[in-house]
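Trainee: No letters, just coordinates:
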């Protein structure tokens, strides 16, 4: 009986993992990093912080909406419908809570930056602390997603994404050496996106479009 339950859990886990083998979420992470790099370049040329924030938000929406809509269609057309079990649903809920926590930590990072900039210090405290918070945030969020969603490569993404902000800020603060934003964010973004495109090509090859009426492992 125990063996049977274990086999069912293994089958359910393997079925669920298919929904993160399409590579689109990887492409999304990479594209968001590249978007931040592009937005930072334009922000340097703008006099208005409000306009630069609107530009960043607009680029993020332009990347997010098409990719998520396409991913939904792609998974349905090739994997069919899937209803995760209670344990898996709890993990998905925890993942959403982790993502919410990442937003709160991001807000905390900006609060720390604002306080540090008001303080008189020979060392740029915000320049040291904010990148560290960014790195920890990336490690916690993507590490938790790797564990809860059974997608081990997200552990590596936590490190890659986490290094973007330190690469951008720490050389300037510590060694007075400026790294271009497009390089600090675009380099890690291209690495993650390249993995995503590789996985997407393999996914399209391994999972052809289902015939009408066929039920497969489905959507998550």
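Mentor: Nice, thanks for sending it over. No experiment lies behind these values; they were computed from the predicted model shown. Numbering: from 1, shown residues only.
Trainee: So which bits of the one helix or strand residue 170 maps to are buried?
Mentor: Using DSSP states H and E, residue 170 sits within helix 164-175. For helix 164-175, a neighbour-count test (16 or more other C-beta atoms under 10 Å) marks 164-170, 173 as buried. No exception for glycine: its C-beta is placed from N, CA and C like everyone else's.
Trainee: After the lowest-mean-pLDDT helix or strand in the chain, which helix or strand is next?
Mentor: Ranking every helix and strand in the chain by mean pLDDT, DSSP states H and E puts helix 2-17 at the bottom, with a mean of 58. Using DSSP H and E, the helix or strand that follows helix 2-17 towards the C-terminus is helix 24-45.
Trainee: Just the residues contacting that following helix, thanks.
Mentor: Under the contact criterion C-beta atoms under 8 Å, 6 or more residues apart in numbering, helix 24-45 has outside partners 49, 52, 55-56, 59-60, 63-64, 67-68, 70-71, 74, 153, 157, 161, 164, 168, 180-186, 188-197, 199-200.
Trainee: Could you do stretch 199-210 as well?
Mentor: 18, 21-24, 26-27, 77-80, 216.
Trainee: Which among these count as buried?
Mentor: 18, 21-24, 26-27, 78-79, 216.
Trainee: Phi and psi next, for residue 21.
Mentor: phi -100, psi 0 (degrees, to the nearest 10).
Trainee: How about it, nearest residue that isn't a chain neighbour?
Mentor: residue 203 (5.5 Å; C-beta to C-beta, 6 or more residues apart in numbering).
Trainee: One more: residue 68?
Mentor: residue 28 is the one closest to residue 68 (C-beta to C-beta, 6+ apart), at 7.6 Å.
Trainee: ok, now residue 154?
Mentor: Nearest in space to residue 154, with sequence neighbours left out and distances taken as C-beta to C-beta, 6+ apart, is residue 146 at 3.5 Å.
Trainee: before we move on, what about residue 26?
Mentor: For residue 26, the spatially nearest residue (C-beta to C-beta, 6+ apart) is residue 196, at 3.0 Å.
Trainee: How much space separates that neighbour from residue 132?
Mentor: 27 Å (C-beta to C-beta, to the nearest Å).
Trainee: What pLDDT is listed against the residue nearest to residue 26?
Mentor: Residue 196 carries a pLDDT value of 94.
Trainee: That one: neighbour count?
Mentor: If you count neighbours by other C-beta atoms under 10 Å, residue 196 ends up with 21.
Trainee: Next, give phi and psi for it.
Mentor: Dihedral angles (degrees, to the nearest 10) for residue 196: phi -60, psi -40.
Trainee: returning to what we had before: pretty sure the residue nearest to residue 154 sits against residue 158.
Mentor: Yes - taking contacts as C-beta atoms under 8 Å, residue 146 lies within contact range of residue 158: 7.3 Å.
Trainee: who's more crowded, these two?
Mentor: The residue with more neighbours, out of residue 146 and residue 158 and counting by other C-beta under 10 Å, is residue 158; that gives 22 against 18.
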